[in-house]
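J.: Next one to model:
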Amino acid sequence: MKTENAGFTLVETAVVVVILLILGAIAIPAYTSQVMKSRRAEAQSWMVAVQARQQQFLLDTRAYATSLAVVGIPTPANVDTAYAQALTVSNVAPPTFTLTLTPRATQVRDSCGTLTIDQAGTRTAATASCW
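T.: Numbering: from 1, shown residues only. This next block holds a predicted model:
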């Protein structure tokens, strides 16, 4: 009578484990990079919305809002956890403002660094291709 071997050999199992480790080594950094890129895009979209609201606020009151709470656009949760927000306003003639987002937590590894936008719509980041 012939008996058939059931199961996997140690070599077959080791090959599968090595393949999974290689795939993981490639996939995890790519996924992390995409998550950072997504958070940055959400932050930039929010910054543009705040800039537009500030312009409307200037038309209505002849001054820029002095805090993000007055602007009235809530900070998205992803933006709040990934970036520290700072709004700097000068309401002397001509009035100006600068909204700055400084990366924190895991977003610190993003090569774009600190993002800013001002009353003229000028957008800056550590890398020019980030905006």
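
J.: Residue 62: neighbour count?
T.: Number of residues near residue 62 (other Cβ atoms under 10 Å) recorded here: 9. All C-beta atoms are positioned from the backbone trio N, CA, C, and that covers glycine.

J.: Give the closest residue to it in space, chain neighbours not counted.
T.: Spatial nearest neighbour of residue 62, chain neighbours left out: residue 95 (7.9 Å); criterion: Cβ to Cβ, 6 or more residues apart in numbering.

J.: quick one, what contacts residue 34?
T.: With contacts defined as Cβ atoms under 8 Å, 6 or more residues apart in numbering, residue 34 is in contact with no residue.

J.: Could you report the pLDDT at it?
T.: Residue 34 is assigned a pLDDT of 93 by the prediction.

J.: What strand or helix carries it?
T.: helix 10-61 (DSSP states H and E).

J.: and the next helix or strand after that helix, what other elements does it pack with?
T.: Using DSSP H and E, the helix or strand that directly follows helix 10-61 along the chain is helix 68-71. On a contact count with 3 or more Cβ pairs under 8 Å, 6 or more residues apart in numbering; DSSP states H and E, helix 68-71 meets helix 10-61, strand 83-90.

J.: show me where pLDDT drops low in this structure?
T.: 1-3 (pLDDT under 70).

J.: try it again with 90
T.: For the chain, applying pLDDT under 90 flags the ranges 1-8, 29, 32, 91-93, 105, 126-131.

J.: where does the residue nearest to residue 62 sit relative to residue 55, distance-wise?
T.: Distance, residue 95 to residue 55, using Cβ to Cβ, to the nearest Å: 11 Å.

J.: which residues do these two both contact?
T.: Common contacts of residue 95 and residue 55 (Cβ under 8 Å, 6+ apart): residue 119.
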